[in-house]
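In: only geometry, no sequence info:
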Ligand code: NAD
């Protein structure tokens, strides 16, 4: 099937490449000329495990191509919209990229074309876009909502083996096309759910807000563990073996970040307000997360008795989670701002996200000259007043503790990801802080 993918970010590029891999003929379109030039050279603008091989293979077989020009939409049976829907200042989802892309598609669409909204959008957006398309074309068209559930870091695997696919459409013809498109990905029997586009739009936000709530919940219990000498890692095991609770998304840490949970939580709260109600649980999730992002800063400040002037701290990891170069809304941002505002400087090392982090932090003038990037995790520790683990990269899990100790000015570890074994690190002579683990005084 001929497919156009509008927007070649984390979702569009992975989805487009995977559709090509299963045999569809895909053109990915983006307004970012630099990105498209890189992709035409076979280089991925993002880090995503497994993506490079698929890109290379499908470009070679000519099932996958890239363009800044919308004319190929003319020949497409299905046109996906996978552009960003960031937060506006009031928390509402900003739909201006989506509206612009929709108008560009409407001007080129062929008769019977199916426009599929893959971006995460508030309930009612399909209706709104239907109106916009109708204003720009006389052709027959369909609008479908098909929320994406892939996770950065395992995006290719998630896309190729989705737990479920959701199709929001009341039109049987459009549903048939979507069924045919996804059939090769659902051979193992995972379900495809057909529902109204309103329910599909709501399902995506409900899923993300539920997962964000799990994270804030375990972080709040970890805070209580800090006050009571219970150990959050034991508690986590104790509750996650209950099938009704499950173990995923129950890891305490420095708060959730990334390009989805923070904005989706805000957007759903905004939708509730527009409908005259408050989402009390989801609002609490967001409040707890804001506090959690600087929880380890408070521990650092308390350890150094409020005197952080002239101190240096080393961050291992700045990506919002492991296996991605995405730093959007990463807790490393809040942590470095808090430390720098208190007079400290920050050294950081990340296997793939350093460049994105350095670029993003340029937008905060107070950090200029106070943030230093390293390409070696041990070099980064030299003369530093503490190691802070911010991302759970695998390479941080079993480090050379003796080298850490000899590199640091004082042997203090602030483990915001609970990566290290408490007994072991203490027996090696470190002062150790964690998120909710019991540490004998
Ligand atoms: P992104 O910022 O990585 O990519 C968006 C791309 O759209 C950019 O390359 C941008 O240049 C392009 N774009 C903007 N306007 C355009 C236009 N008019 N025409 C063509 N291209 C245009 O975004 P993302 O992380 O891929 O997210 C896209 C959507 O998918 C969002 O709504 C997001 O909430 C949702 N989503 C994201 C993830 C994720 O893990 N990142 C997972 C599920 C759903």
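Out: On my side now, so go ahead. This one's a predicted model, so the numbers in the text were calculated from it and none came from an experiment. Numbering: from 1, shown residues only.

In: Where does residue 268 fall, secondary structure wise?
Out: helix 261-274 (DSSP states H and E).

In: who's residue 145 bridged to?
Out: Residue 145 forms beta bridges with residue 117, residue 168, as assigned by DSSP bridges.

In: Point out the residues in the stretch 201-350 of the chain that sit beside the ligand.
Out: 259-260 (C-beta under 6 Å from any ligand atom). C-beta coordinates here come from the backbone N, C-alpha and C atoms, glycine included.

In: OK, now which residue of the stretch 201-350 of the chain is nearest to the ligand?
Out: residue 259 (4.6 Å; C-beta to the nearest ligand atom).

In: what about the closest residue to that residue other than its chain neighbours, distance to residue 439?
Out: Closest residue in space to residue 259, ignoring its immediate chain neighbours: residue 328 at 4.3 Å, by C-beta to C-beta, 6 or more residues apart in numbering. Applying C-beta to C-beta, to the nearest Å, the value for residue 328 to residue 439 is 32 Å.

In: For the two, indicate the residue with more neighbours.
Out: The neighbour count for residue 328 versus residue 439, taken as other C-beta atoms under 10 Å, is higher for residue 328 (20 against 15).

In: quick one: secondary structure of that one?
Out: Under the three-state scheme (DSSP: H, G, I helix; E, B strand; the rest coil), residue 328 adopts coil.

In: Tell me the residues on the stretch 1-150 of the chain that lie near the ligand, please.
Out: Residues of the stretch 1-150 of the chain found near the ligand (C-beta under 6 Å from any ligand atom) are 6-12, 29-32, 35, 82-85, 97, 100-101, 104, 119-120, 148, 150.

In: go again using 8 Å as the cut-off
Out: Counting by C-beta under 8 Å from any ligand atom, the stretch 1-150 of the chain comes close to the ligand at 6-13, 29-32, 35, 45-46, 70, 82-86, 93, 97-98, 100-101, 104, 118-121, 147-150.

In: Derive a PyMOL selection command for the buried subset of those.
Out: Per 16 or more other C-beta atoms under 10 Å, the buried members of these correspond to this PyMOL selection:
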select buried, resi 6+7+8+9+10+11+12+13+29+30+31+35+45+46+70+82+83+84+85+93+97+98+101+104+118+119+120+121+147+148+150
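
In: Give me the subset of the residues of the stretch 1-150 of the chain next to the ligand lying in helices.
Out: 10-13, 35, 97-98, 100-101, 104 (DSSP state H).

In: still on that earlier bit, check which helix or strand covers the residue of the stretch 201-350 of the chain closest to the ligand.
Out: Residue 259 belongs to no helix or strand when assigned by DSSP H and E.

In: just checking, it touches residue 329?
Out: Yes: between residue 259 and residue 329 there is a contact at 6.9 Å, judged by C-beta atoms under 8 Å.

In: now the strands for the protein?
Out: Under the criterion DSSP state E, the chain contains strands at 2-6, 25-29, 64-67, 78-81, 113-117, 141-145, 165-168, 192-195, 312-316, 345-349, 371-373, 387-389, 412-415, 431-433.

In: Tell me which residues are up against stretch 134-146.
Out: 80, 103, 106-107, 109-118, 121, 125-126, 129-130, 133, 165-169, 171, 173-175, 177-178, 197, 200-201 (C-beta atoms under 8 Å, 6 or more residues apart in numbering).

In: Report the separation between the two terminal residues of it.
Out: 20 Å (C-alpha to C-alpha, to the nearest Å).

In: I'd like the numbering to begin with 59 instead of 1 from here.
Out: Sure thing, new numbering starts at 59, so read that last one as stretch 192-204.

In: coming back round to it: as CSV, the strands of the chain with distance to residue 455 and mean pLDDT would be great.
Out: Below are the strands of the chain laid out as CSV (distance: least, C-beta to C-beta, whole Å; pLDDT from 0 to 100):
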stretch, distance to residue 455, mean pLDDT
strand 60-64, 36, 98
strand 83-87, 35, 98
strand 122-125, 35, 98
strand 136-139, 37, 98
strand 171-175, 39, 98
strand 199-203, 39, 98
strand 223-226, 34, 98
strand 250-253, 37, 98
strand 370-374, 10, 98
strand 403-407, 15, 98
strand 429-431, 22, 98
strand 445-447, 9, 98
strand 470-473, 11, 98
strand 489-491, 15, 98
